[in-house]
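1. Everything below, folded, please.
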Amino acid sequence: MSSQTRSNVPGEVRAIRPHAEGTLRADAERNRRRIIATARRLFAREGLGVSLTSVAREAGVGNATLFRRFASREDLIDAVFTDRVDAHRAAVAAALDETDPWQGFAGYVQSLCALQAADPGFIEILTLAFPAGDLERRRAEAADGALRIISRAQESGHLRTDFHDLDLSLLLMANDGVADATLPEASRRLVAHLLRAWATPGTPVPPLPEAPPRTALHHAMVRLIRTRPVPQSTPGTPCDFALGRLSVPYSSSRPRGVP
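-> Predicted coordinates for the structure are as follows:
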């Protein structure tokens, strides 16, 4: 039976054309995707406390449209981060299911960096605490599982005892710059180098991937430099320059040979 709606003329019923229903559904889905993309950007920039009115305004929709899609802030947060939380949980579960603790650890590190290379915003779930609820429970379970992965590898004697879970943060900061350069093979090589550094003597380590072609690496470095914001400062005067998530002294003078 076709859908119907009442017209402005009393007693008259007008059928809604099927293609009009499809257009309404497509518009609703486009609005939903736009709201999620905007919320993801604002949450990253301003934190989870950003107002929903700001999200609606920047997404180009009305408050009523936003609340039809997401009845509460928690619903919106869940929609933005569920895929990333579940991807992390899957990586943790796979590592804990591995009978060899070292192989589980190595596989987890490789998965973590591959997820970050595919989605640079992925690491936000490792630094955020969500409002109490199912999403936060799943995030916390994955975080606890990651610590167990490290402990198992150290207890097996294959992961150095001076390895700290914060070393994963350092790895992800370094991998962020490599991922920005769009060189997936460089990311895999970076991970392999660090796994070799963290392994105890005699531990089987993954093979070292080939280095990226010299020309590709050069172009990636130039592209990375050109896309970084250059602060307005007096030449030679140090200032804070955001390189990924690390603040380092930066001079407006560029090294020789860099365009």
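2. Every contact and neighbour count from this point should use C-alpha atoms.
-> Fine.
3. what about the stretch 101-250 of the chain, any weak spots by pLDDT?
-> For the stretch 101-250 of the chain, the stretches flagged by pLDDT under 70 are 179-183, 224, 227-250.
4. try 80
-> Low-confidence segments of the stretch 101-250 of the chain, defined by pLDDT under 80: 120-121, 124-125, 127-128, 177-185, 212-213, 216-250.
5. which residues of it fall in strands?
-> With strands called from DSSP state E, counting those that start in this stretch, the stretch 101-250 of the chain shows them at 239-243, 246-250.
6. Would you mark the buried spots in stretch 47-61?
-> By neighbour count, and taking 16 or more other Cα atoms under 10 Å as the criterion, the buried residues in stretch 47-61 are 48, 52, 55-56, 59, 61.
7. just checking, which of those residues belong to helices?
-> 52, 55-56, 59 (DSSP state H).
8. From Ala186, how far out is Ala114?
-> Ala114 sits 11 Å away from Ala186, going by Cα to Cα, to the nearest Å.
9. Tell me which residue is most central in the chain.
-> Central residue check for the chain by Cα atoms, centre = their mean: the C-alpha nearest the mean position is that of Phe122, 1.5 Å away.
10. Contact partners for the spatially closest residue to it that is not a sequence neighbour?
-> The shortest distance from Phe122 to any residue that is not its chain neighbour, by Cα to Cα, 6 or more residues apart in numbering, is 5.4 Å, and that residue is Gln116. Gln116 sits next to 122-123, 172, 175-176, 179 when contact means Cα atoms under 8 Å, 6 or more residues apart in numbering.
11. quick revisit: nearest to Pro131, of the buried residues of stretch 47-61?
-> Checking the buried residues of stretch 47-61 against Pro131 with Cα to Cα, the nearest one is Leu48 at 9.1 Å.
12. Next one: the closest one relative to Leu42, how far apart?
-> From Leu48 over to Leu42 the distance is 8 Å, taken as Cα to Cα.
13. How are the helices of the stretch 151-259 of the chain distributed by residue range?
-> Per DSSP state H, counting those that start in this stretch, the stretch 151-259 of the chain has helices spanning 166-180, 184-198, 214-227. These are given in chain order.
14. Go ahead and measure how far the first one is from the middle of the chain.
-> Chain-centre distance of helix 166-180: 12 Å, with Cα atoms, centre = their mean, to the nearest Å.
15. Kindly report the same for the last one.
-> For helix 214-227, the gap between its own C-alpha mean and the chain's C-alpha mean amounts to 22 Å (Cα atoms, centre = their mean).
16. Mind listing what's buried along that helix?
-> 217, 220-221.
17. Same list, those residues, but as CSV with distance to Asp78 please.
-> Putting the buried residues of helix 214-227 into CSV (distance: Cα to Cα, whole Å) gives the following:
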residue, distance to Asp78
Leu217, 38
Ala220, 35
Met221, 36
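18. so which of the helices of the stretch 151-259 of the chain gets nearest Arg160?
-> Using Cα to Cα as the measure, helix 184-198 is the one of the helices of the stretch 151-259 of the chain that comes nearest Arg160, at 5.7 Å.
19. Taking helix 166-180 as reference, get the angle to the closest one.
-> Regarding helix 184-198 and helix 166-180, their directions subtend 160 degrees when assessed with axes from the mean of the first three to the mean of the last three Cα atoms, to 10 degrees.
20. and the angle from helix 184-198 to helix 214-227?
-> Here helix 184-198 runs at 100 degrees with respect to helix 214-227, directions being taken by the same axes, to 10 degrees.
21. Great, nothing more from me.
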